[in-house]
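*Asks:* Just a sequence and a predicted model for now, questions to come.
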Amino acid sequence: MHKRSLLLFAAFVFIFCHTGNAYAWQLNVPVKDSTVKDSAIQKVAGFLKKITLGGVFQARYTVSLNREVDVNGVHQPNAEEVVRNSFSLKRARLQVKAQVSDRFMAAVLVNLADFASDPKGKVLENAFISYRWNDAINFTVGQFRPSFGLEDLYPVDIIQSMDFSNQYYAFGNNGWQSFQVGVSMFGSFNKERKVPMKYALSVVNGNNRNQPADNDNGKLGTGRLEFGNMNKIAVGLNGGYGAVKRQSVYALGVDVSGVIPLAPKWDLQLQTEYKQGNNHQYYYAIPDSLRKEPLSKYIMNGIYVLPNFRYKISYHKLTSIEFSMRYEYFNEDEKHDGNMRQTYIPMISLAFLKDYGGRVQLGMQIDQYNKDIPGTKTHNSNLMIVQVQCRL
């Protein structure tokens, strides 16, 4: 045989053997090999089955209905051309979970859409290890979302609005919510009784995600108690205390959620939440000469109400049609004539598959400020948004 033929034959035999081995692994059929035992193959195959992949993709088309306001809600009075309509990628998340044992679990969540802008301090969202002792005692360490309100209990892709509330992002910027680095203990009691209870205790750096280390010696501690069942009615109490640059800070909140059956196919899902606390991010952003009082006097607060009417349907893959209207009041500095912001978000959505596996949303984001600041995002705006979502 020619050398070329011999090489091709050898390559074919090599590929065939390795393909056969790989195929046997997938079927959990042991391959005869004196260096690998059947038990080892089964252990590895069993481990691989405990790794799960998930994610969500959200794409948007946004139109600004104000002539001098762009698609990001920024007022641009002197621009040659204001971009008032645009397609955009909101989220492209990929999540990997590994159930290492019956007690240990590790998870990583990244948002690849953050690469579209400056990715510094972004992209990596969750990166933690959890240990489960029993229903009442569990631990999480790493980067995660500490439980400090309703919105910490849901991923953004299953909420009944276009996005999280203004208060969620404000309290997240101050270290109480959103993705933080630290440790948490949580659990539940009385599952079989009429009023089950859940709790969560967390201690975090409080300087947001993807930071190499804390920026001071202070830490933020939070606690949450939840009574009831969210599929019926539940009440949550939230409190937090800590130190930022050697000054004491606090936050507190209360939330109510529940589902009210209206008819065989109609449900009313209701969520409402109130929070207040020190706005140290706002305080330290002000020049020293303009600070009127100590940090303890700079208070932010807000409340939102989110009713969502759901009509359950079974038409091919369509599972429900939903109508929601979120109203929110938020003030970043209540005691010093802060700029009050009111937001209205009416929305209609079509949900496909289970748990919003597919979703089409049409809504408006109407922002009204007490005082407009020209050339900034602190300005009245009206955005129309069409969002398409797919969950993996």
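*Replies:* Structure's in. What do you need? Numbers count the residues shown, from 1 in each chain.

*Asks:* Could you give the secondary structure assignment for the nearest residue to Arg291 once chain neighbours are set aside?
*Replies:* Nearest non-adjacent residue to Arg291, counting by CB to CB, 6 or more residues apart in numbering: Tyr283, 7.0 Å away. Yep, even glycine has a C-beta here, placed from its N, CA and C like the rest. For Tyr283, the assignment made with DSSP: H, G, I helix; E, B strand; the rest coil gives helix.

*Asks:* what's the helix or strand for Glu226?
*Replies:* strand 220-229 (DSSP states H and E).

*Asks:* Name the surrounding residues that touch that strand.
*Replies:* Applying CB atoms under 8 Å, 6 or more residues apart in numbering, the contact partners of strand 220-229 are 146-149, 175-176, 180, 195-206, 234-242, 244, 249, 251, 258.

*Asks:* And it, what's buried?
*Replies:* For strand 220-229, the neighbour count (16 or more other CB atoms under 10 Å) marks 220-224, 226, 228 as buried.

*Asks:* Also stretch 253-264?
*Replies:* Buried positions in stretch 253-264, judged by neighbour count with 16+ other CB under 10 Å: 253, 255-259.

*Asks:* and that stretch, C-alpha only, in CSV?
*Replies:* Output of stretch 253-264 as CSV, limited to C-alpha atoms (Å, rounded to 0.1, in the frame of the first residue of the first chain):
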residue,chain,number,x,y,z
GLY,A,253,-38.5,47.4,54.0
VAL,A,254,-41.7,45.4,54.0
ASP,A,255,-43.4,43.6,51.1
VAL,A,256,-46.6,41.8,50.4
SER,A,257,-47.3,39.3,47.5
GLY,A,258,-50.0,36.9,46.6
VAL,A,259,-52.2,35.2,44.1
ILE,A,260,-56.0,35.8,44.1
PRO,A,261,-58.1,33.5,41.9
LEU,A,262,-60.8,35.5,40.1
ALA,A,263,-62.3,32.8,37.8
PRO,A,264,-61.3,29.3,36.6
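
*Asks:* just to revisit the earlier point, if I look at the residue nearest to Arg291, how far off is Lys292?
*Replies:* 10 Å (CB to CB, to the nearest Å).

*Asks:* For those two, work out which one has more neighbours and name it.
*Replies:* Between Tyr283 and Lys292, counted using other CB atoms under 10 Å, Tyr283 has the larger neighbour count: 21 against 10.

*Asks:* Dump the helix or strand harbouring Asp367 to CSV, restricted to CA.
*Replies:* Using DSSP H and E, Asp367 sits within strand 358-369. Backbone C-alpha positions of strand 358-369 (Å, rounded to 0.1, in the frame of the first residue of the first chain) are rendered in CSV as follows:
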residue,chain,number,x,y,z
GLY,A,358,-40.9,31.9,25.5
ARG,A,359,-42.3,35.4,25.9
VAL,A,360,-43.3,38.4,23.9
GLN,A,361,-43.9,41.7,25.8
LEU,A,362,-45.2,45.0,24.7
GLY,A,363,-45.1,47.9,27.1
MET,A,364,-44.5,51.5,27.9
GLN,A,365,-42.0,53.1,30.4
ILE,A,366,-43.3,56.5,31.4
ASP,A,367,-41.0,58.5,33.7
GLN,A,368,-42.1,61.7,35.3
TYR,A,369,-39.7,63.7,37.5
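
*Asks:* which residues touch that strand?
*Replies:* Counting by CB under 8 Å, 6+ apart, 73, 157, 161-162, 317, 339-352, 378-391 sit against strand 358-369.

*Asks:* And for stretch 319-328?
*Replies:* Under the criterion CB under 8 Å, 6+ apart, residues 160-161, 165-167, 302-313, 341-354 lie in contact with stretch 319-328.

*Asks:* Can you select the buried ones from the residues you listed in ChimeraX?
*Replies:* Remark: buried members of the contacts of stretch 319-328, expressed as a ChimeraX selection using 16+ other CB under 10 Å:
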select :160,161,165,166,167,302,303,304,306,307,308,309,310,341,342,343,345,346,347,349,351,352
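
*Asks:* Which ones among the contacts of stretch 319-328 lie within helices?
*Replies:* 166-167 (DSSP state H).

*Asks:* How many residues are close by Ser188?
*Replies:* A count of nearby residues for Ser188, using other CB under 10 Å, gives 15.

*Asks:* Provide a list of residues in contact with it.
*Replies:* Ser188 neighbours (CB under 8 Å, 6+ apart): 135-136, 196-199.

*Asks:* Please, which helix or strand holds it?
*Replies:* Using DSSP H and E, the element containing Ser188 is strand 180-189.

*Asks:* Check which residues of that strand are buried.
*Replies:* By neighbour count on 16+ other CB under 10 Å, the buried set for strand 180-189 is 180-182, 184-187.

*Asks:* what are the phi and psi angles of the spatially closest residue to Pro261 that is not a sequence neighbour?
*Replies:* Nearest residue to Pro261, sequence neighbours excluded (CB to CB, 6+ apart): Asp267, at 5.8 Å. Here is the backbone geometry of Asp267 (degrees, to the nearest 10): phi -130, psi 150.

*Asks:* Looks like Asp267 contacts Lys232 (just checking).
*Replies:* No - using CB atoms under 8 Å as the test, Asp267 is too far from Lys232 to be in contact (11.4 Å).

*Asks:* Name the residue in the two with the higher neighbour count.
*Replies:* Between Asp267 and Lys232, counted using other CB under 10 Å, the more crowded position is Asp267 (19 against 12).
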